[in-house]
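> Could you look at this predicted model? Sequence included:
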Amino acid sequence: PRKASHKRSGCSKNTKMTTRAEREKLALIEEKRLEKEEKKRQLQAKRAARDARKAEKMETSTMNSSHVGESLENADGGDGESKGDDGEEILSQKELEEFTSSQTTVQWSKEEELRLVETFWKTFEDDEEFETAKERWEAVASRIQSNRTALQCVEKYRELCHRIKKGRELYLLQQAKSKASGNVIKRGQAKHRSHLQQKRELEEKARIKKKEKEEQLKRERIAANGGRLSAEDLGFFIRSGPDAERRVNANMDICITNVQLYGGTQELISDGTLKLVNGTKYGLVGRNGAGKSTLLRAVAEGIIPVPSHLQVIHVEQEASPDARSALQTVLDTDKERTYLLNLEKKMLDEELDTVDGIDLNEVYERLDEISSDDAEARAGGI
């Protein structure tokens, strides 16, 4: 029983400690909440003071137009008649018609306009009391030191108020347009267009310089070879002449080991062996995407190297429309035969002894070597 009581008392002590910790935590939270409310209150007070200052400025700027409206309302009465505050007519309808018919356009100078506005405002600043608007405008007309009637002053003041109103509307419209145009993201030419142009010019100069250097190396290589073009310069496999790879006693079979072939990031062939026997026809069979065309393209482009004395011709699956016949298309694929026939024609037409270091006799010998006379028959067999 004693042990049980000790345990119960211990539990109650831990519970009190937990409650005190929670109270401290709640007190801290409440203190932070009060601080936030105080900051919000101060911020609201600052905003209210700022809004009050703005309202005061707006009231000052619009005071002119408000007094103008009041004065015009009192002077005009809203129905086209000249009346005062109590509805008393400034001029009778007959007098107004006579004055309007006899009135001529009177020009006001800027000094007179300024004096009119200052005098009108001074009647309010001096706290002078006038029973009607007519008396106020008669006092203004007498104080501006000019031969102007009260009605002329009213009409001129109304014109000035109209100009002020239109000017303010125009100013607000321009401000709105400028603000709207400032929010538009302009998408046009780059800011550093000159730098881009300079970069393109430098790249173009580098390409021209590289091309000139390649042409210079080609000329030096041709000069070192006695003026003859190599297979690299001609761009096709040479089968005839002294520069051709001799096939005498050469093995015509192909056996290439350790073939690695990739189609993008996919591995198509790993540690493969390509073995082709001379005189045997082969066909590639496989599903789409297995790499059949990729393998043939790799052999034709030299990615999978074949012996240098062998010629590889790769025919695409599809051909673009052409006006040539099928026979002529096959004949044109023999670039060496076409090259030799063009040399023969050029030498005979221009009566030249040599072209590219080759004379006419060598041209005929090389045409015989590649069996040019049987080319059409062989092309027809294909």
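Thanks, I have the structure now. Residues are numbered from 1 along each chain as shown.
> Show me the strands in the stretch 1-150 of the chain, by range?
Counting by DSSP state E, counting those that start in this stretch, the stretch 1-150 of the chain has no strands to list.
> just the stretch 201-350 of the chain next, same as before
254-263, 266-276.
> What is the burial count for residue 240?
19 (other C-beta atoms under 10 Å). Using the backbone N, CA and C atoms, a C-beta is placed for each residue, glycine as well.
> roughly how far apart are it and residue 251?
Residue 240 is 20 Å from residue 251, where distance means C-beta to C-beta, to the nearest Å.
> quick one: stretch 203-212 to chain centroid distance?
29 Å (C-alpha atoms, centre = their mean, to the nearest Å).
> average pLDDT across that stretch?
Per-region confidence: stretch 203-212 scores 92 on mean pLDDT.
> quick one: contacts of that stretch?
Residues outside stretch 203-212 that contact it (C-beta atoms under 8 Å, 6 or more residues apart in numbering): none are found.
> Excluding covalently adjacent residues, which one is nearest to residue 115?
residue 144 (5.0 Å; C-beta to C-beta, 6 or more residues apart in numbering).
> Quick one, grab the pLDDT at that neighbour.
Looking at residue 144, its pLDDT is 80.
> looking at it, it is touching residue 112, isn't it?
Yes: between residue 144 and residue 112 there is a contact under C-beta atoms under 8 Å: 6.9 Å.
> give me the number of residues near the residue nearest to residue 115?
Around residue 144 there are 19 other residues, counting by other C-beta under 10 Å.
> One more: residue 143?
Residue 143 has 15 nearby residues by other C-beta under 10 Å.
> mind listing what the residue nearest to it when sequence neighbours are not counted touches?
Computed as C-beta to C-beta, 6+ apart, the closest residue to residue 143 that is not its neighbour in sequence is residue 119, at 4.9 Å. Shown in contact with residue 119 (C-beta under 8 Å, 6+ apart): 140, 143, 144.
> From residue 114, how far off is the second one?
Distance, residue 143 to residue 114, by C-beta to C-beta: 13 Å.
> in the helix or strand containing residue 376, what's buried?
For residue 376, the element it lies in under DSSP states H and E is helix 375-381. Across helix 375-381, burial judged by 16 or more other C-beta atoms under 10 Å covers 375, 379.
> again, but for stretch 272-290
Within stretch 272-290, the residues that count as buried by 16+ other C-beta under 10 Å are 274, 276.
> Show me what it is in contact with.
Contacts of stretch 272-290 (C-beta under 8 Å, 6+ apart): 252-261, 263, 268, 292, 295-296, 299, 304.
> just for the chain, where's the confidence low?
1-18, 58-106, 126-127, 181-193, 245-249 (pLDDT under 70).
> Go again with 50.
1-17, 64-66, 68-69, 71-91, 95, 99, 101-104 (pLDDT under 50).
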